[in-house]
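Novice: A structural model of the following input is requested.
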Amino acid sequence: QVRLVESGGGLVQAGGSLRLSCAVSGSTFRGYVMAWFRQAPGKEREFVVACTSGGTTNYADSVKGRFTISRDNAKNAVYLQMNSLKPEDTADYYCTAGWTTGIRPETYAYWGQGTQVTVSS
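Specialist: Predicted coordinates for the structure are as follows:
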């Protein structure tokens, strides 16, 4: 069974940075498309970024230039570096894995429990 565990969330002031981590266990990490989604209170889950096994990335326009996804196949981990954070980035952030790229949550098969990010103004 595939398990994803996120960490690194917290409270940060606007303009600050956070780095989220996602540890993957239970399957071959290398072949997965890895992605991050986020969900703010009262809103639908929103695509943030995806990264294929070959390193091709796709960012939501709202985070382009501020967020960076990276993956370490040797450590079965994926990271999300978030810079220049804004209050509107406040949400629960979810790591997810699947076999194809997409911006819809149903594209992905496995999900972590989420980590909370709060950006104060």
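
Novice: May I ask you to confirm that L18 is in contact with D89?
Specialist: No: contact between L18 and D89 fails when scored by CB atoms under 8 Å: they sit 9.1 Å apart. (Each C-beta comes from the backbone N, C-alpha and C, glycine too.)

Novice: any idea which residue sits dead centre in this structure?
Specialist: In the chain, the centroid-proximal residue (CA atoms, centre = their mean) is W36; its distance is 2.4 Å.

Novice: returning to what we had before: shared neighbours, L18 and D89?
Specialist: Both L18 and D89 are contacted by M82, V117, under the criterion CB atoms under 8 Å, 6 or more residues apart in numbering.

Novice: What segments of this protein are strands?
Specialist: For the chain, the strands defined by DSSP state E cover 3-7, 10-13, 18-25, 33-39, 46-51, 57-59, 67-72, 77-82, 91-98, 110-111, 115-120.

Novice: want to try a markdown table for these, with distance to R104 and mean pLDDT as columns?
Specialist: Formatted as a markdown table, the strands of the chain follow (distance: least, CB to CB, whole Å; pLDDT from 0 to 100):
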| stretch | distance to R104 | mean pLDDT |
| --- | --- | --- |
| strand 3-7 | 18 | 96 |
| strand 10-13 | 28 | 98 |
| strand 18-25 | 19 | 96 |
| strand 33-39 | 10 | 97 |
| strand 46-51 | 7 | 98 |
| strand 57-59 | 12 | 97 |
| strand 67-72 | 18 | 96 |
| strand 77-82 | 19 | 97 |
| strand 91-98 | 10 | 97 |
| strand 110-111 | 13 | 96 |
| strand 115-120 | 21 | 98 |
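
Novice: The spatially closest residue to Q113 that is not a sequence neighbour: how many residues sit nearby?
Specialist: What sits nearest to Q113 in space, not counting adjacent residues and going by CB to CB, 6 or more residues apart in numbering, is E6, at 6.9 Å. Close neighbours of E6, defined as other CB atoms under 10 Å, add up to 23.
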